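Chemist: Sequence unavailable; structure follows:
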């Protein structure tokens, strides 16, 4: 198991890699009001909110916002090699997401 803490400005989130032979699996613990940067992925996969309140902004290749949505508990959200997005904990409490990526 690999644990990494990602710092951004005055906040951070903790990414925990879970054991798996077939997929990359992660549990991410989001500190209150923390967020990722706008980023893309070099794989396809899914993620879901398993606790808390989170928001996702989706961007085009030039990082112009295309859409946004609040994440629903246990709803699968797709990630692909084309999209860019930013994940935001809109809660003043901890939130958790579960990620599964194709290797």
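Modeler: Structure's in. What do you need? Just so it is clear, the structure is predicted and the values come from calculations on it, not from any experiment.
Chemist: what about the strands in this structure?
Modeler: For the chain, applying DSSP state E gives strands covering 2-8, 11-18, 23-30, 39-40, 45-51, 54-59, 65-70, 77-79, 84-89, 95-102.
Chemist: Output the ones you listed in TSV, with mean pLDDT appended to each entry.
Modeler: Listed next are these as TSV, based on pLDDT from 0 to 100:
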stretch	mean pLDDT
strand 2-8	74
strand 11-18	90
strand 23-30	94
strand 39-40	91
strand 45-51	96
strand 54-59	96
strand 65-70	96
strand 77-79	92
strand 84-89	96
strand 95-102	94
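Chemist: Buried deepest among the ones you listed, which one?
Modeler: strand 84-89 (a mean of 21; mean count of other CB atoms under 10 Å). From N, CA and C alone the C-beta is placed, and that goes for glycine too.
Chemist: what's that one in contact with?
Modeler: 13, 30-40, 52-61, 63, 79, 95, 97 (CB atoms under 8 Å, 6 or more residues apart in numbering).
Chemist: what inclination does it have with respect to strand 65-70?
Modeler: Strand 84-89 and strand 65-70 are oriented at 30 degrees to each other (axes from the mean of the first three to the mean of the last three CA atoms, to 10 degrees).
Chemist: Noted, bye for now.
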